[in-house]
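1. Based on what follows, work out the 3D shape:
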Amino acid sequence: MSEKKAGGRPINAQASTALKAAALHLVREYGYENVSIAAIIKEAGVARQTLYNRWSTKADLVLEAVFEATNTYAAQPRWDDAKDCRTLLEEFLVKIFEHLNIDGDTLRALVASAQRDAAFQASFYTRFVLPREEMITSLLRHAQERGELSSGRDAVMMSALVHGAFWYRLLNRNPLDAKLAKDITSEIFV
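-> Residues are numbered from 1 along each chain as shown. As a prediction, the model looks like this:
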């Protein structure tokens, strides 16, 4: 998101923060499909145009709010930690699952929106899915560099398998917990 709308006034960061907080609060409480743009702007205390100056759709706004929330749970693992990569992956997955247990319904709704809107699907993939895939791929490559994982294994494919396992469970409303994180990690680090 740019700091200044082309040809307009500077973007008010407080309004953006209020809109994201309102959107996240309302979709968590009432569900994505039950929250209107009108409800979000009312809770945020801003004008409708303020929202549309920043985001094209409700899905775009909610995606940004969820993306920021995800970063508070599951930021890029730190390599300077003395932990082995197996432990780093398991801990990372546990944090992701903690967030998915909070915003799983919202993410399922965003996935459904992505199926109906190709432009939003591209945004959802590049802004939300791909960064998480790259984090795990990077962690797995780091494990290979440290000799903790065979260099003959395809880190990109292993990352896809990790994501496939938990997205499948999320979409089917199956448990996402520490046991799953341990099981996935055990399959990668055999």
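
2. For the least confident helix or strand in the chain by mean pLDDT, could you pull out the residues that count as buried?
-> Within the chain, judged by mean pLDDT, DSSP states H and E, the helix or strand with the poorest mean is helix 58-73; its value is a mean of 86. Buried residues in helix 58-73, defined by neighbour count with 16 or more other Cβ atoms under 10 Å: 58, 59, 60, 61, 62, 63, 64, 65, 66, 69, 70, 73. To be clear about C-beta, it is placed using only N, CA and C from the backbone, and glycine gets the same treatment.

3. If we only consider those residues, which is nearest to residue 131?
-> Lowest distance from residue 131 to the buried residues of helix 58-73 (Cβ to Cβ) belongs to residue 70, with 8.9 Å.

4. nearest spatial neighbour of that closest one, skipping sequence neighbours?
-> residue 99 (5.5 Å; Cβ to Cβ, 6 or more residues apart in numbering).

5. quick one: which helix or strand includes the one you found?
-> Per DSSP states H and E, residue 99 falls inside helix 85-116.

6. helix or strand right after that helix?
-> Following helix 85-116 in sequence, per DSSP H and E, is helix 118-124.

7. So what touches that following helix?
-> Contact with helix 118-124 is made by 57, 59, 60, 63, 110, 111, 113, 114, 115, as judged by Cβ atoms under 8 Å, 6 or more residues apart in numbering.

8. angle of the helix or strand just after it against helix 85-116?
-> Using DSSP H and E, the helix or strand that follows helix 118-124 in sequence is helix 130-145. Comparing the axes of helix 130-145 and helix 85-116 via axes from the mean of the first three to the mean of the last three Cα atoms, to 10 degrees yields an angle of 150 degrees.

9. Tell me the helices and strands packed up against helix 130-145.
-> helix 85-116, helix 155-171 (3 or more Cβ pairs under 8 Å, 6 or more residues apart in numbering; DSSP states H and E).

10. hey, least reliable of the ones you listed by pLDDT?
-> Per-stretch mean pLDDT for the helices and strands packed on helix 130-145 is lowest at helix 85-116 (a mean of 92).

11. and that one, which residues are buried?
-> 85-86, 88-97, 99-100, 102-111, 113-114.

12. same question, stretch 16-36
-> Neighbour-count burial for stretch 16-36 flags 16, 18, 19, 20, 22, 23, 24, 26, 27, 28, 32, 35 (criterion: 16+ other Cβ under 10 Å).

13. got the contact list for the last one?
-> It refers to residue 35. Applying Cβ under 8 Å, 6+ apart, the residues near residue 35 are 23, 26, 27, 58.
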